[in-house]
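Participant: I would like the atomic coordinates for the input below:
(2 chains)
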Amino acid sequence: MPFDFSTGLRQRQCRCRPMKTSKFFIATQKEVPAEAEIVSHRLMLRAGLIRRLSAGIYTWLPLGLRIVRKVERIVREEMNRAGALELIMPVVQPGELWQESGRWQAYGPELLRFKDRHERDFVMQPTSEEVITDLARSELKSYRRLPTHFYQIQTKFRDERRPRFGIMRGREFVMKDGYSFHADYADLEREYRNMYDTYTRIFTRLGLEFRAVAADTGAIGGTGSHEFHVLAESGEDAIAFCPQSDYAANVELAEALAPGARPAAREAMRKVATPGKTKCEAVAELLGIALQRTVKAVALMHDRDFILLVVRGDHDLNEIKAQKMIGSFRFATEAEIREHLHSPAGYIGPPMGGSGAVGAKVRVIADRTVAAMADFVCGANDEGYHLTGVNWGRDLPEPQVEDIRNAVAGDPSPDGKGTLEIVRGIEVGHIFQLRTKYSEAMGARFLDAAGAEKPFEMGCYGIGVTRVVAAAIEQNHDERGVMFPAPIAPFEVALVPIGYHKSEAVRSAAAKLYGQLLEAGVDVLMDDRDERPGVLFADMDLIGIPHRIVISDRALAAGKAEYKGRRDEKPADLPLDEVIPTLLKKLA
RNA sequence: CGGGGUGUGGCGCAGCCUGGUAGCGCGCCUGCUUUGGGAGCAGGAUGUCGGAGGUUCAAAUCCUCUCGCCCCGACCA
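Facilitator: Numbering: from 1, shown residues only, chains lettered A, B, ... in the order given. From the prediction side, this is the model:
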């Protein structure tokens, strides 16, 4: 991927140290530990990048650490280039500061708390808003100091109830967290865009396929919050995006539009027996109709109010959207459903008829798509029966219409420019406008040009450095192992001499090439172990080194070496003197 | 936190039901052979059977408690 690096990305000196396997620590494993569930976790253990110490807590072995360092380096270069200043804040922080911000109470058991020998409260930081705000209020007293953006690359700890997926969701992890301070909101927005661009550069340079998506702005508001996702089948999050435009949002947030206007009613309403068919799928199968013609009703309690939410049979209720609209709720109990609808769950639907009918006072909220349906099938509020050919306005009152479902592939894009697709992603970055939440809570104020005291406008920006490593593997692997993008591979080139311990010719040719690669500033690993070729190949593939040069008596006799990219099907011979130029070209 | 599972050599597992003093594969060590895709043969080392208590002549095996870990869910964002 071509990129304009005015700062000079490929400074081919003093990157990581070149190495020989005989002097390094290769800890590959043929067999997979039973604990590992997902690909990246298995491969990280097998390739010898990490070892588990305790639940969600891992040692980074030398090979794995090289990858972390490369990610950090790219993040650091781009953050510096964007004008942010690196610092390091303590991992152990006084509880007092956390009480001041209110997070001492707000944070659950995820926040690891403990006491020192003086019985004073401390926490192990999951992020550092308190400490940075404390620093700002004592150091940034004047608008002349603004804007300022501090960041750190530091170990975090979150005592997850259930750590899983190895590094992907560990308790201890490395994160880049940055915090910016501004005199006004306009400047915060400027820096927010700056970070959006910076993150885009960072993930591009990391060699990952990613997408920035709109995320929940929550109660804090602001022009927004964006998550950066590495695209991977195994991702925990679903992302809705529009290939015809730049629209992208977390599925939980993506607006779900109706596919079109409501057609005219054609059928008469009929009550049909559907004994034992409590799911839309079963009803559709029994009646021989498409699932898309059925609707399902979900009963909720909001305080003392009974509310019926209606979505199409093949759609899912979006609880976040529902909560935003009606406030906090819980699912109704079986007894509450019987009380209001005189029917057991499984056969419920919006009550038919006018104001005198059973359950007429039940509040019905229909999803936009359901509101645009005609001749649909729903529960009859009578055990063992459903209704077909139901029509709004004719058979029952027009409902309140809201967006209460998850967007699905094929929905019209909310920006009106095409059709949504859904992909899965792993959240590796998040940028957020904090506004004055912390500065107000902690009394962090500066003097503006007019001499007035004002709280800082703040932004915060995170990148899960160690999670990036796991995400890169989820996105780039095959049956033989990892296929690291070159910018973060532990080594750029594997030099594999065959018969190294037997053949003087191979030994000297390998030594010469190794020296030249070193000279050229290439990050090379020479595998000089006394192992059979199969072992060497398998290990280099497993570790995921992007380029491989093989030296053998056979090729040497013709004045050649062999090149193979990790993703290539077959190797190709190269004249010896073209090895270096070829590699440099590929690494450029 | 609720449910399920599991703990036996460095790793993966069998043995447990039906108690009789621990075994297999990988890895490791030595030697010989082998050398272009995780070698073969021979020899060898490594176990408080997670911990504590109990039942029994005898416990990896049965019982009780306890700890660790894994999976599902809930929770969190």
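Participant: count of residues packed around the nearest residue to A:Arg270 once chain neighbours are set aside?
Facilitator: Leaving aside its chain neighbours, A:Arg270 sits nearest to A:Thr388 (5.1 Å; criterion: C-beta to C-beta, 6 or more residues apart in numbering). Bear in mind the C-beta positions are built from the backbone N, C-alpha and C, glycine included. For A:Thr388, the neighbour count with other C-beta atoms under 10 Å is 21.
Participant: now do the SS call for A:Thr388.
Facilitator: Secondary structure assignment for A:Thr388 (DSSP: H, G, I helix; E, B strand; the rest coil): strand.
Participant: pretty sure it sits against A:Gly288.
Facilitator: No - applying C-beta atoms under 8 Å as the test, A:Thr388 and A:Gly288 come out as separate, 11.2 Å apart.
Participant: returning to that earlier point: if I look at the residue nearest to A:Arg270, how far off is A:Phe376?
Facilitator: 8 Å (C-beta to C-beta, to the nearest Å).
Participant: can you check A:Val482 too?
Facilitator: Separation of A:Val482 from A:Phe376 (C-beta to C-beta): 50 Å.
Participant: just A:Asp527 next, same as before
Facilitator: Taking C-beta to C-beta, one finds A:Asp527 at 65 Å from A:Phe376.
Participant: give me the more crowded residue out of those two.
Facilitator: More neighbours surround A:Asp527 than the other of A:Asp527 and A:Phe376, with 27 against 22 (other C-beta under 10 Å).
Participant: contacts only, for the more buried one.
Facilitator: Neighbouring residues of A:Asp527 by C-beta atoms under 8 Å, 6 or more residues apart in numbering: A:Lys20, A:Thr21, A:Ala494, A:Leu495, A:Val496, A:Pro497, A:Leu536, A:Asp539, A:Met540.
Participant: out of those residues, which end up buried?
Facilitator: Among those, those classed as buried by neighbour count (16 or more other C-beta atoms under 10 Å) are A:Thr21, A:Ala494, A:Leu495, A:Val496, A:Pro497, A:Leu536, A:Asp539, A:Met540.
Participant: does RNA strand B sit close to the strand ranked longest in chain A?
Facilitator: Ranked by residue count and defined by DSSP state E, the top strand of chain A is strand A:421-435. No - counting by C-beta under 7 Å from any atom of the strand, RNA strand B is not contacted by strand A:421-435; separation bottoms out at 7.6 Å.
Participant: can you get me a residue count around the residue lying closest to A:Ala256 once chain neighbours are set aside?
Facilitator: Ranked by C-beta to C-beta, 6+ apart and with sequence neighbours excluded, the top spatial neighbour of A:Ala256 is A:Ala407, at 4.4 Å. A:Ala407: 26 surrounding residues under other C-beta under 10 Å.
Participant: likewise A:Glu191?
Facilitator: Using other C-beta under 10 Å, A:Glu191 has 26 other residues around it.
Participant: give me the buried positions along the helix or strand where A:Phe114 lies.
Facilitator: Counting by DSSP states H and E, the element that carries A:Phe114 is strand A:112-115. Within strand A:112-115, the residues scored as buried using 16+ other C-beta under 10 Å are A:Leu112.
Participant: same question, stretch A:427-443
Facilitator: A:427-439, A:441-442.
Participant: cool, stretch A:237-249 as well?
Facilitator: In stretch A:237-249, counting by 16+ other C-beta under 10 Å, buried: A:Asp237, A:Ala238, A:Ile239, A:Ala240, A:Phe241, A:Cys242, A:Tyr247, A:Ala248, A:Ala249.
Participant: residue of the stretch 401-550 of chain A nearest RNA strand B, please.
Facilitator: A:Gly534 (2.5 Å; C-beta to the nearest atom of the strand).
Participant: which helices and strands does the helix or strand harbouring that residue pack with?
Facilitator: Using DSSP H and E, A:Gly534 sits in helix A:533-543. When contacts are defined as 3 or more C-beta pairs under 8 Å, 6 or more residues apart in numbering; DSSP states H and E, helix A:533-543 sits against strand A:481-482, strand A:493-497.
Participant: and the next helix or strand past it?
Facilitator: Immediately after helix A:533-543, counting by DSSP H and E, sits strand A:547-551.
Participant: listing partners with orientation, what would you give for that following strand?
Facilitator: If you go by DSSP bridges, strand A:547-551 pairs up with strand A:493-497 (parallel), strand A:560-565 (antiparallel).
Participant: is the longest one positioned near RNA strand B?
Facilitator: Right, strand A:560-565. Yes - judged by C-beta under 7 Å from any atom of the strand, strand A:560-565 comes into contact with RNA strand B at A:Glu562, A:Lys564.
Participant: which ones are touching the most centrally placed residue in chain A?
Facilitator: Centroid-nearest residue in chain A: A:Glu427, 1.2 Å away (criterion: C-alpha atoms, centre = their mean). Each residue near A:Glu427 by C-beta under 8 Å, 6+ apart is listed here: A:Glu227, A:Phe228, A:His229, A:Glu236, A:Asp237, A:Gly464.
Participant: got a markdown table for the residues you listed, with secondary structure too?
Facilitator: Listed next are these as a markdown table, based on three-state DSSP:
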| residue | secondary structure |
| --- | --- |
| A:Glu227 | strand |
| A:Phe228 | strand |
| A:His229 | strand |
| A:Glu236 | coil |
| A:Asp237 | strand |
| A:Gly464 | strand |
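Participant: thanks a lot, see you next time.
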